[in-house]
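J.: Need coordinates for the following:
(chains A and B)
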Number of protein chains: 2
Amino acid sequence: MRRFVADKAKHLINKTRTTCSSPSTTTKVLQRGTASTSPSSSQSVVRFLSTDSMGSDYSSTPLTLNNVNPKVLKCEYAVRGEIVNLAQKLQQDLKENPDSHPFDEILYCNIGNPQSLGQQPVTFFREVLALCDHPLILDKSETQGLFSADSIERAFQILDQIPGRATGAYSHSQGIKGLRDTIASGIEARDGFPADPNDIFLTDGASPAVHMMMQLLIGSANDGIFCPLPQYPLYSASITLHGGTLVPYYLDEETGWGLEVSELENQLKTAKSKGINVRALVVINPGNPTGQVLAEANQREIVEFCKKEGLVLLADEVYQENVYVPEKQFHSFKKIARSMGFGEKDISLVSFQSVSKGFYGECGKRGGYMEVTGFSPEIREQIYKVASVNLCSNISGQILASLVMSPPKVGDESYVSFAAEKEGILSSLARRAKTLEDAFNSLEGITCNKAEGAMYLFPRINLPDKAIKAAEEAKTAPDAFYAKCLLNATGIVVVPGSGFGQRPGTWHFRCTILPQEEKIPAIVSRLTEFHKQFMDEFRG
Amino acid sequence: MRRFVADKAKHLINKTRTTCSSPSTTTKVLQRGTASTSPSSSQSVVRFLSTDSMGSDYSSTPLTLNNVNPKVLKCEYAVRGEIVNLAQKLQQDLKENPDSHPFDEILYCNIGNPQSLGQQPVTFFREVLALCDHPLILDKSETQGLFSADSIERAFQILDQIPGRATGAYSHSQGIKGLRDTIASGIEARDGFPADPNDIFLTDGASPAVHMMMQLLIGSANDGIFCPLPQYPLYSASITLHGGTLVPYYLDEETGWGLEVSELENQLKTAKSKGINVRALVVINPGNPTGQVLAEANQREIVEFCKKEGLVLLADEVYQENVYVPEKQFHSFKKIARSMGFGEKDISLVSFQSVSKGFYGECGKRGGYMEVTGFSPEIREQIYKVASVNLCSNISGQILASLVMSPPKVGDESYVSFAAEKEGILSSLARRAKTLEDAFNSLEGITCNKAEGAMYLFPRINLPDKAIKAAEEAKTAPDAFYAKCLLNATGIVVVPGSGFGQRPGTWHFRCTILPQEEKIPAIVSRLTEFHKQFMDEFRG
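T.: Have a look, this model is predicted:
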């Protein structure tokens, strides 16, 4: 980074020109990008790139693009798509030759993966996990010197909740009952309404929980699922893989990505007229990729609408601890529904939670749960059956899910340091969000709503016609064109808005607020410089 | 257990009578069993049982058995099905009143879950996991006293393989590259043929890997997957959930559950005549639920058949370390194929491995991988895309998968104790298998093939006509009837053969060899006593 600011500004500007100005070069760069939608590590990207004719050698193997499940072919997942493959290739280039590009590192702003960017894990959580992994050391004297007293106590408590203290055994398919008790208590404390441990299904992160519900709800292409646009592409991918129909409702960018019931009503009418039976409504709050926190009144309207139209409400609440503005607060949809007087039998509601987000950001642990309320016993049996086919979610993830819903309390030995870690991370995220938001809003043709919550900004770019034409020539979406130019010039990885869905004719990208705080100024200056160059290049 | 042998033999006999002799009582017991196919914990079972009319209260909720995805309704998974729910109910009864049943504990022989029955985790593996969970302690002096030197060294090595040492970050969608390198080296050492880390996809246990391949292969009900019968019901469940057709091939019980190519040819012909396009062949070696280890010559025939017929070979090799007889050895299908001269471009082959089985039995960690060879780059892209929708598998499971494929070596500090743990577990499993096998073979009307490998016996019961009639009256399969009577009389939980598939008119059950060795004599005596009673009751 130090090198960048000092030596590379000029190089950047020159390189930006060479990357985006000459149509022939642009096309070359982008075609290379397109060719590299290959699996995997930078190594395999290189392998596939260097053997273009390799496909034909597999002519005697049975599986081809013509006979693979067409739903798989159709599925898209931009967060780990083409741009990221290109980024991995550039990273490999830099490893082999640090001067190969006008930047010295790739800055991944494409995915909500805090610890990959240097965020440290919360100490208390990791202490408990380590002790549960190796309980033999719990009674050793050295352990007192290495671990906090309350982490040792908590590990004992958790082990006592696990039948036979066996952290290496498959658990109940919904997860360990004692941990579900803890989580239910945490939900009660959060909402002020009762929660039942039998309503909790622990899962390997929120994604498998979403798949499970989609599997239940989608029987054919006539089954529709209401999704916000822009949306987190897990939803579109899961709906496609299960063969259903995504019924969009557009969030209103002008009102800070608000959700208009009139939009829901119009889209429902349109869907019905096409013979689509809309089964459920997905709402992501705080929003991904849009970063808004829904107002309570808006949430009530959504609950009312689902109740009226007989829709299952699928509430993605994984960013519940990521709220950065004093004027907004997170309210779970269950709390909203209960406070409106809707009980267990009145509305079908699933709340998804994950250990990957919040201030802890433990993505690699793959922990999470869904709280399933308002389903008949017969339907619960079906959910249970699907859960049981995969036996259970990983026990470390289960333990962590119980910890995030029941962190250290005032008076516990770890409390002060825990609270400091939490506050340190959340206040830094708030500052980063504000800095990036201001930076985007200072750029020509870019407007950016406030990041009230979650981990993302979703700025809108008014691209000059010449840029749109260049993108067309390169056979790519204009926002993907912009994102690729940005990556090639600066090493900054963002996800084009077309991967999330957006109103036709508008262009965006999603940028996380996760790079460590000391890197933010350089990101802002790289971005600003690039954007000016880009606009100078393509301004009509 | 002590109580059982001393006091309860008489009670058992009486209870066995009351459970299975009077048709009215039998019906009552079994109906109760049937009614209890409810979710989950014993608590919810009780809840659902006590509120039979509850379903109707959910009349205003949108999801019903009439509009839920019919594939989900059709799916069955016996390993955690009806019998297990009944067992959980009995366990709850015992907790509330220890004298409520003629036994004092439930003995779960239904599932390959070693640590739930008291098997201790392998120390070295857990040391490394704990250190990777909480790397802050790696440099502390107390750590030297608590952990072996090579576990500390290994933790450092592994952390160095993880970008940013971030065990809490999402990894590459195929898993951490350095860990895949380790696994590939382990496969090479096992097989004597090269393995490529880019062919490895790390997964949360083997089950999600199987689902991923089914998702790829099944586009419609016309896509057929060859499965052995009996089979592990993950396969039938996954095929059903993905809407494909299970094409059965029967294993030959007379020849120790051998696989006859003539049977494959006949079944393929039949499937084709029905318009089924058979895409892949599942083979489970060592066998589940059948416990056989395939002979090398038999494996070659299978490879030859898949090659000839253009089938993807899906090799479930999760029991590769569970072989109990000196005359048999595990050979991976990849080794067999390569030794026949078939290379990467000649045959499409997927090998599934898991940390849940072997001598380590780390089911709760949900680690595993698939090695994918013989697929074109375009198809690999599709596999990668599906993997990336779920982001990545859990990192502890990934680490553990690398450890089981690269355990301590001669000279490492942990080697001697590690080798002793491994040998202790495997030799004990071999003794338990033999004792149970002999016990089954000593019973009237029961024959049981040798448990050469895996964790199961699959004895065949020749049930008297009267028992079959009683089962019919109770509207249950005869082997399920037997299994329920066994459970109600002894607390032993086995899975009826009908949950795995079997030749029509034959009846079996699957019994794991996993209860701790000191419990085996009591299991044998309970079982023997029960079986005599049962046969006396129903003998024609």
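
J.: any weak-confidence spans in the stretch 51-200 of chain A?
T.: A:51-56, A:79-80 (pLDDT under 70).

J.: mind listing the strands for it?
T.: Remark: strands assigned in the stretch 51-200 of chain A by DSSP state E, counting those that start in this stretch are A:107-108, A:200-203.

J.: The longest helix along chain A: which residues count as buried?
T.: Ranked by number of residues, the top helix in chain A under DSSP state H is helix A:415-441. Neighbour counts over helix A:415-441 (16 or more other CB atoms under 10 Å in any protein chain shown) mark A:415, A:418, A:421-422, A:425-426, A:428-430, A:432-433, A:435-437, A:439-440 as buried. C-betas here are computed from N, CA, C, even on glycine.

J.: ok, A:D133 to chain B distance?
T.: 4 Å (CB to the nearest CB, to the nearest Å).

J.: ok, now which ones touch that residue?
T.: Residues near A:D133 by CB atoms under 8 Å, 6 or more residues apart in numbering or on different chains: A:167, A:396, B:126, B:129-130, B:133, B:396.

J.: want to throw the residues you listed into TSV with distance to A:L259?
T.: Formatted as TSV, those follow (distance: CB to CB, whole Å):
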residue	distance to A:L259
A:T167	42
A:S396	36
B:R126	47
B:L129	43
B:A130	45
B:D133	40
B:S396	38
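
J.: top of the residues you listed by neighbour count?
T.: Counting neighbours by other CB atoms under 10 Å in any protein chain shown, B:L129 comes out on top of the contacts of A:D133 with 31 neighbours.

J.: could you measure the closest residue to that residue other than its chain neighbours against A:I162, distance?
T.: Nearest non-adjacent residue to B:L129, counting by CB to CB, 6 or more residues apart in numbering or on different chains: A:D133, 4.5 Å away. For A:D133, the distance to A:I162 equals 12 Å [CB to CB, to the nearest Å].

J.: Which residues does the helix or strand hosting A:S262 contact?
T.: Using DSSP states H and E, the element containing A:S262 is helix A:261-273. Contact partners of helix A:261-273, identified using CB under 8 Å, 6+ apart, comprise A:224, A:226, A:245, A:247-250, A:252, A:278, A:281, A:301-302, A:305, A:309.

J.: gap between the two ends of stretch A:263-281?
T.: Distance between the two ends of stretch A:263-281: 13 Å, counting by CA to CA, to the nearest Å.

J.: Check which residues of that stretch are buried.
T.: Buried residues in stretch A:263-281 (16+ other CB under 10 Å): A:263-264, A:267-268, A:271, A:276, A:278-281.

J.: Give me the average confidence score over it.
T.: Across stretch A:263-281, pLDDT averages out at 97.

J.: Ranking the strands of the stretch 51-200 of chain A by mean neighbour count, which comes first?
T.: Mean neighbours per residue, mean count of other CB atoms under 10 Å in any protein chain shown, is largest over the strands of the stretch 51-200 of chain A for strand A:200-203, with a mean of 28.

J.: and the helix or strand just after that strand with helix B:206-217, angle?
T.: For strand A:200-203, the following helix or strand on the C-terminal side (DSSP H and E) is helix A:206-217. For helix A:206-217 against helix B:206-217, the angle by axes from the mean of the first three to the mean of the last three CA atoms, to 10 degrees is 50 degrees.

J.: do helix A:206-217 and chain B meet at all?
T.: Yes. Counting by CB under 8 Å from any CB of the partner chain, contacts between helix A:206-217 and chain B involve A:207-208, A:211, A:215-217.

J.: ok, now stretch A:400-420?
T.: No. Using CB under 8 Å from any CB, stretch A:400-420 stays clear of chain B, with a minimum separation of 9.5 Å.

J.: Is it correct that A:K71 is in contact with A:S238?
T.: No. At 10.7 Å, A:K71 and A:S238 do not qualify as touching, with contact defined as CB atoms under 8 Å.

J.: who has more neighbours, those two?
T.: Between A:K71 and A:S238, A:S238 has the larger neighbour count (other CB under 10 Å), namely 27 against 20.

J.: Who are the contact partners of that one?
T.: Applying CB under 8 Å, 6+ apart, we find A:S238 in contact with A:210-211, A:214, B:389.

J.: farthest-separated two in those?
T.: Among those, the pair separated by the greatest distance (CB to CB) is A:M214 and B:V389, at 11.4 Å.

J.: Quick one: mean pLDDT over stretch A:210-223.
T.: Stretch A:210-223 comes out at a mean pLDDT of 96.

J.: next one: it to chain centre, how far?
T.: Offset of stretch A:210-223 from its chain centre (CA atoms, centre = their mean, to the nearest Å): 21 Å.

J.: Report the buried residues of it.
T.: Across stretch A:210-223, burial judged by 16+ other CB under 10 Å covers A:210-219, A:223.

J.: Likewise for stretch A:469-477?
T.: Those buried within stretch A:469-477 under the rule 16+ other CB under 10 Å are A:470-471, A:474, A:476-477.

J.: now do stretch A:296-306
T.: Using 16+ other CB under 10 Å as the burial criterion, the residues of stretch A:296-306 that qualify are A:298-306.

J.: Within range of chain B, give me the residues from the stretch 201-350 of chain A.
T.: A:204-205, A:207-208, A:211, A:215-219, A:223, A:234, A:237-238, A:241-242, A:279, A:310-312, A:345-348.

J.: At which residues are the helices of the stretch 251-400 of chain A located?
T.: With DSSP state H, counting those that start in this stretch applied, the stretch 251-400 of chain A shows helices at A:261-273, A:296-309, A:333-339, A:377-389, A:395-404, listed in chain order.

J.: mean pLDDT for the ones you listed: which is lowest?
T.: Ranked by mean pLDDT, the helices of the stretch 251-400 of chain A bottom out at helix A:377-389, with a mean of 93.

J.: ok, back up a step: for the buried residues of stretch A:263-281, work out which two are farthest apart.
T.: Between any two of these (CB to CB), the greatest distance is 18.5 Å, for A:E263 and A:R279.

J.: Residue ranges in the stretch 401-540 of chain A under the pLDDT threshold?
T.: Ranges of the stretch 401-540 of chain A meeting pLDDT under 70: A:540.

J.: Where do the helices of it begin and end?
T.: Assigned by DSSP H, counting those that start in this stretch, the stretch 401-540 of chain A shows helices spanning A:415-441, A:465-473, A:478-490, A:520-538.

J.: Quick one: closest of the ones you listed to B:T61.
T.: helix A:415-441 (36.7 Å).

J.: gap between the closest one and the chain center?
T.: Chain-centre distance of helix A:415-441: 18 Å, with CA atoms, centre = their mean.

J.: so how far is chain B from the spatially most central residue of chain A?
T.: What sits nearest the mean C-alpha location of chain A, by CA atoms, centre = their mean, is A:G112, with 5.4 Å. Distance, A:G112 to chain B, by CB to the nearest CB: 9 Å.

J.: Then A:G505?
T.: To chain B, A:G505 is 28 Å away according to CB to the nearest CB.

J.: Am I right that A:Y77 is in contact with B:V389?
T.: Yes. With contact defined as CB under 8 Å, A:Y77 reaches B:V389; the gap is 4.9 Å.
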